[in-house]
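Peer 1: Next comes the sequence, and after it the predicted model I'd like to discuss.
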Amino acid sequence: MKILARQLTLDLYNCDTNRLGNVDEIKDTLKGVVGSEPRLISEAIDDAHFSIIGAFTEGHIALHVYKELRYVAADIFTCADSEEPEEIAKAIKQFFRPDKIKSTFLKRGDFGLEREIKPKIKIRVAPLRRVKNAGAKVVRKLVRRGK
């Protein structure tokens, strides 16, 4: 069945601290990835949290950036068949460079069976983080054997 729209939500953990504070760079990245010119509005919630909301012809983007937590929450909504929320998400991931990403894909306006209405969730951890965690586990085991 044809769906009306697609929504992709992203949770980006342990983002690059150099990228979190510059609102203008974030806006330029969003403008570069969205085909039509988005109308972007930024609002500082407090010193450690700001949001950027962008509306474009066939959807919207919303980002909440928490500088001290190194966390970004992103919502990408599109109802155009030509627009892929994954492409926008890819650019956002490349900009913020997170260690861990949790993404949820929703089909909006899917009038299928009720039991089929479940979000698909994916979690990806950066390879470097896995190496650091594996190294720490090996050291702990060696210390335990030495006792």
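Peer 2: On my side now, so go ahead.
Peer 1: Name the helix or strand for R19, please.
Peer 2: Secondary structure from DSSP states H and E places R19 in helix 17-20.
Peer 1: contacts for that helix?
Peer 2: By C-beta atoms under 8 Å, 6 or more residues apart in numbering, the surrounding residues in contact with helix 17-20 are E25, I26, V65, K67, R70, V72, F95, F96, R97. Quick note: C-beta positions are derived from backbone N, CA and C, even for glycine.
Peer 1: Need the max-distance pair from those residues.
Peer 2: E25 and R70 (16.1 Å; C-beta to C-beta).
Peer 1: who's more crowded, the two?
Peer 2: Ranked by neighbour count (other C-beta atoms under 10 Å), E25 and R70 place R70 first, with 18 against 13.
Peer 1: sorry, back to before: following element in sequence after the helix holding R19, please.
Peer 2: Going down the chain from helix 17-20, the next helix or strand is helix 23-33, by DSSP H and E.
Peer 1: which of the residues in that next one are buried?
Peer 2: The neighbour-count check on helix 23-33 (16 or more other C-beta atoms under 10 Å) flags V23, I26, K27, T29, L30, V33 as buried.
Peer 1: I53 versus G21, what's the distance?
Peer 2: G21 sits 18 Å away from I53, going by C-beta to C-beta, to the nearest Å.
Peer 1: With K137 instead?
Peer 2: From K137 across to I53, the span is 42 Å (C-beta to C-beta).
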